[in-house]
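Chemist: I would like the atomic coordinates for the input below:
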Amino acid sequence: MNDCRPIFLKTEPHVCSYLPGQRSTMLFALLEDSEDSNLCYNILSELGFRRSGDYLYAPDCNTCRACIPIRIRAADFRPRRLHKRVLRSNQFLKVREEDARMTPEVLAVYQDYIAARHADSNMNPASGEQFNNFLLSNWSDTRFLEFRLPTNNRLVGVAVTDRTENSLSAVYTFFDPAYSAKNSLGTYAILYQIKLARNEGLDYVYLGYWIRDCNKMSYKSRFRPYQLLLNKRWVEFQ
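Modeler: Now for the predicted structure:
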């Protein structure tokens, strides 16, 4: 791993956020802020890790293997009918690539999104401190893709994406719930990142974890072909 020597920490079992009745244990990897961090991020992404703040994490549950890493090979992706519909619905949006930083405008959209989509979670109400600790990092190459209305430049969504050596990692997307209800902006954000990865000559877009029995995760398997990390090997599904 060259100089990739993360510090690993394991949590105590806690209530699973996705599957009722399950207990979850997470393995965290802490990277130092160095020139090798991005390479280390790439290596750990290949092993199924994701980023949250300055940490990378992966499920490490004793009795459950439901959380399966999923990624899209950018060059092979072909939009389905539903994706073409989403592309048409959002083709008028302006997309700006910005440095990863919290602004009042970005934070307001984030807070509205959390209040609408995660009202019963410990993320609500969202604060600026929580935003920074969750989405920003001292060592990652993180970008904010801002989606704006062309008529008044109003911000309607942000895709937080990390660039590694050969991939983009779709960290999180948040948006104006009223706008996305009609236009599926979350799906459009993934389609945009796939296009961006292809244009930049990157191999993959990582979408996090897919859980077969979790409806919230079902959209990820609609981007085909996709690859799942099964028994430490990436397997492609058409």
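Chemist: Report the backbone C-alpha coordinates of stretch 137-146 in PDB.
Modeler: Output of stretch 137-146 as PDB, limited to C-alpha atoms (Å, rounded to 0.1, in the frame of the first residue of the first chain):
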ATOM      1  CA  SER A 137     -12.400  16.400   4.900                       C
ATOM      2  CA  ASN A 138      -8.900  17.700   5.500                       C
ATOM      3  CA  TRP A 139      -7.300  15.300   3.000                       C
ATOM      4  CA  SER A 140      -9.800  14.300   0.300                       C
ATOM      5  CA  ASP A 141     -10.200  15.900  -3.200                       C
ATOM      6  CA  THR A 142     -13.800  16.800  -2.700                       C
ATOM      7  CA  ARG A 143     -16.000  18.800  -5.100                       C
ATOM      8  CA  PHE A 144     -19.500  20.200  -4.800                       C
ATOM      9  CA  LEU A 145     -21.600  19.900  -8.000                       C
ATOM     10  CA  GLU A 146     -24.200  22.600  -7.700                       C
END
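Chemist: State the mean pLDDT of it.
Modeler: What stretch 137-146 shows for mean pLDDT is 96.
Chemist: Next, work out how far apart residue 87 and residue 95 are.
Modeler: 12 Å (Cβ to Cβ, to the nearest Å). Just so you know, the C-beta spots here come from the backbone N, C-alpha and C atoms, and that holds for glycine as well.
Chemist: repeat for residue 69
Modeler: 27 Å.
Chemist: which residues of the protein fall in strands?
Modeler: 7-10, 14-15, 23-24, 26-30, 50-52, 55-59, 68-73, 94-99, 141-148, 155-163, 167-175, 204-210, 226-230, 233-237 (DSSP state E).
Chemist: And for residue 205, the neighbour number?
Modeler: 26 (other Cβ atoms under 10 Å).
Chemist: let's number from 17 now, not from 1
Modeler: That works, and once the first residue is 17, the last one we named lands at residue 221.
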